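Q: Fold the following, please.
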Amino acid sequence: MDAIDDILAAETPSFARAVRAIIHGDVPALQAELATGPGLIHARSGAVHRATLLHYCGANGVEAPRQRTPPNAPAIARLLLDRGAKVNATCNLYRGAATTLGLMLSSQDHHRDDRDWVGIGSGGWDYEGRASWVRLDRVLDVPEEGIRREGAILEREVFEVVATRLRAEYSWS
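A: Sure thing, here's the model as predicted:
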């Protein structure tokens with residue numbers, strides 16, 4: 001039994017299997033769990049943090065042994081959102097209630113020389129294939145009804161460019 005098994009032992013079996021599927025990037029296993037128990041999408045951890053499955057995806061896990069990011073995390077998040085996961089669900093992490101957060105994305109070229117924006121190139125998030133920038137100095141906590149349910153997979157290398165700047169310049173951890 002590893003550290004993950006120890007932590008998951010306190011969860012219901014279906015929630016534990018779903019969390020394990022998320023941290024290992026196993027989309028078919030997660031789909032099977034959600035198909036078997038549709039209410040699982042709104043279930044919460046039995047731990048004091050009361051995290052949802054989306055928190056495990058967005059926070060790269062809650063407890064240290066589960067803080068792993070599979071390369072297909074965007075696909076897992078999309079699956080959870082498509083099945084009805086609440087984007088603005090809070091949980092008790094990091095000194096209080098926490099929610100899924102986001103950063104602003106723009107394809108306006110005038111952000112090129114702004115130090116609070118980082119270029120991420122072009123991708124599926126822009127239908128015209130324009131270069132895009134992510135704003136680093138403003139975190140968005142958008143209500144669920146304000147979220148556009150569109151997205152694209154951000155390459156791991158590009159994600160790391162954004163994450164490295166956030167860690168170095170804005171004290172993200």
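
Q: from here on, contacts and neighbour counts on C-alpha atoms
A: Will do.

Q: Paired strands for the longest strand along the chain, with orientation please.
A: Scanning the chain for the longest strand, with DSSP state E as the assignment, gives strand 132-140. Using DSSP bridges, the strands paired with strand 132-140 are strand 102-106 (antiparallel), strand 117-121 (antiparallel).

Q: And these, which one averages the lowest pLDDT?
A: Averaged per stretch, pLDDT over those is lowest on strand 102-106, reaching a mean of 84.

Q: quick revisit: now what about the longest strand of the chain, what contacts it?
A: 101-109, 111-112, 116-122, 162, 165-166, 170 (Cα atoms under 8 Å, 6 or more residues apart in numbering).

Q: quick one on the thing from earlier: most tightly packed of the strands paired with strand 132-140?
A: Of all these, strand 117-121 carries the top mean neighbour count, a mean of 19, counting by mean count of other Cα atoms under 10 Å.

Q: pLDDT-wise, which helix or strand of this structure ranks last?
A: Of all the helices and strands that make up the chain, strand 96-98 has the lowest average by mean pLDDT, DSSP states H and E, namely a mean of 59.

Q: Export the longest helix along the chain to CSV, keeping only CA atoms.
A: Criterion DSSP state H: the longest helix present in the chain is helix 156-170. Only the C-alpha atoms of helix 156-170 are listed here, as CSV (Å, rounded to 0.1, in the frame of the first residue of the first chain):
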residue,chain,number,x,y,z
ARG,A,156,3.0,21.1,-21.1
GLU,A,157,6.0,23.2,-22.1
VAL,A,158,3.7,26.3,-22.5
PHE,A,159,2.0,25.6,-19.2
GLU,A,160,5.4,25.4,-17.5
VAL,A,161,6.4,28.8,-19.0
VAL,A,162,3.3,30.4,-17.4
ALA,A,163,3.7,28.4,-14.1
THR,A,164,7.4,29.3,-13.8
ARG,A,165,6.7,33.0,-14.1
LEU,A,166,3.8,32.8,-11.6
ARG,A,167,6.1,31.0,-9.1
ALA,A,168,9.0,33.3,-9.6
GLU,A,169,7.3,36.7,-9.9
TYR,A,170,4.0,36.3,-8.0
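
Q: Just the buried residues of it, please?
A: 162-163, 165-166 (16 or more other Cα atoms under 10 Å).

Q: What residues of the helix or strand where residue 75 lies count as buried?
A: Using DSSP states H and E, residue 75 maps to helix 73-82. Going by neighbour count (16+ other Cα under 10 Å), the buried part of helix 73-82 is 73-80.

Q: Likewise for stretch 11-24?
A: In stretch 11-24, counting by 16+ other Cα under 10 Å, buried: 11, 14-24.

Q: These in helices, which ones?
A: Among the buried residues of stretch 11-24, the residues falling in helices (DSSP H) are 14-24.

Q: Much appreciated, bye for now.
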